[in-house]
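# structure here, sequence nowhere to be found:
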């Protein structure tokens, strides 16, 4: 699971995501962004797996981690 900041220096988060997905298509990538509308299209188009808006809500993060990371036991 990768939590991807969408505002990276030198490369935007979607470009970084495309490169990672090309090398590791099964890797889950979740956008972290203050813009809640922009990543919705990318999720629908399959470029991103999900997104969290900033500031990050602790319960939303826990739900997301539970969804993407298997429980250990």
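On my side now, so go ahead. Owing to the predicted nature of the structure, the values given are computational and were not obtained by experimental measurement.

# could you list the low-pLDDT ranges of this structure?
Within the chain, the segments meeting pLDDT under 70 span 73.

# may I have the beta-bridge partners of the most centrally placed residue in it?
The residue lying closest to the centre of the chain (Cα atoms, centre = their mean) is residue 30, at 1.1 Å. Under the criterion DSSP bridges, residue 30 forms beta bridges with residue 3, residue 50.

# quick check: it touching residue 50?
Yes. Counting by Cβ atoms under 8 Å, residue 50 is a contact partner of residue 30 at 4.6 Å. For every residue, glycine as well, the C-beta is placed using N, CA and C.

# mutual contacts of the two, please.
Contact criterion Cβ atoms under 8 Å, 6 or more residues apart in numbering; residues shared by residue 30 and residue 50: 64, 68.

# can you name the residues that contact the residue nearest to the centre of the chain?
Contact analysis of residue 30 by Cβ under 8 Å, 6+ apart lists 1, 2, 3, 4, 48, 49, 50, 51, 52, 64, 68.

# so how do I select the buried members of these in PyMOL?
This is the PyMOL syntax for the buried subset of these, where burial follows 16 or more other Cβ atoms under 10 Å:
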select buried, resi 2+3+4+48+49+51+52+64
